[in-house]
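Got a sequence here, can you build the structure:
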Amino acid sequence: MQQFVVLLGVAFITVLPVLGQGLAAHPAVIVSFPNYHLPGTADDACSVDYGNMKLFGEDRQWKAHLRNGKYEQKFNFGYQAAELKRVYCIDEGSDKYAVIFVDWTDCGGSCLNTGVVQLIKVRAANLVVIQQFTFDSHAVGTGATFDKKSRVLSIIGRSDDGSPNCCAQNFDVVEFRWQGQKFIRQRFKRIPAPQEQSGK
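Residues are numbered from 1 along each chain as shown. Take a look at the predicted model:
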């Protein structure tokens, strides 16, 4: 039985100065550098079928073997799921990087959604997660996108403001600019969440 566990914190948290505007000192997006291997081998990170392989979430305890981009496991009192939302490629000539966004769901008495964005590179034929972004995605309007022209990764997640699980009060909008081998935070602002939030 495959399971993943929602954790409240991870190691390797990157704390950066505030460069944007907002009500909080830091956005509710955890940035880490896990440097763990994914199953399988590849010539480059952009040639991989991430929608049909085993992936890890916030840490290696979160695991799911996706089929056609999705995973779901039902239990007596809930279920767990994962869905590959987007895959992007960054071509640096001799090096290619993949940016993947997976939304993880854990439901019991209530549901939690966690967005995980991973930057993946091939080292010695191994797929390695070299940078990771984790955020609360339990609200309509959250997510992550990468603009290939500007090379900016944009993440919208729920703010850590104590609002009830059902009803997001604020969103943290964070932009990370590509710097050749990793993303660096560029801007951050906190905005009101859309009205009538009811999770995802």
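
What count of nearby residues applies to residue 117?
By the criterion of other C-beta atoms under 10 Å, residue 117 has 26 neighbours. Any C-beta I mention is one placed from the backbone N, CA and C, and that applies to glycine too.

what about whichever strand or helix holds it, average pLDDT?
Residue 117 is part of strand 111-123 when elements are defined by DSSP states H and E. Mean pLDDT, strand 111-123: 95.

Point out the other helices and strands that that strand packs with.
Other helices and strands packing on strand 111-123, by 3 or more C-beta pairs under 8 Å, 6 or more residues apart in numbering; DSSP states H and E, are strand 96-107, strand 126-136, strand 143-147, strand 152-158.

Kindly reformat those strands as CSV containing mean neighbour count, distance to residue 113 and mean pLDDT.
Below are those laid out as CSV (neighbours: other C-beta atoms under 10 Å; distance: least, C-beta to C-beta, whole Å; pLDDT from 0 to 100):
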stretch, mean neighbour count, distance to residue 113, mean pLDDT
strand 96-107, 22, 5, 95
strand 126-136, 21, 7, 97
strand 143-147, 19, 10, 97
strand 152-158, 23, 9, 97
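
Distance to residue 57 added to these, as CSV?
Shown next, in CSV, are those (distance: least, C-beta to C-beta, whole Å):
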stretch, distance to residue 57
strand 96-107, 5
strand 126-136, 8
strand 143-147, 14
strand 152-158, 15
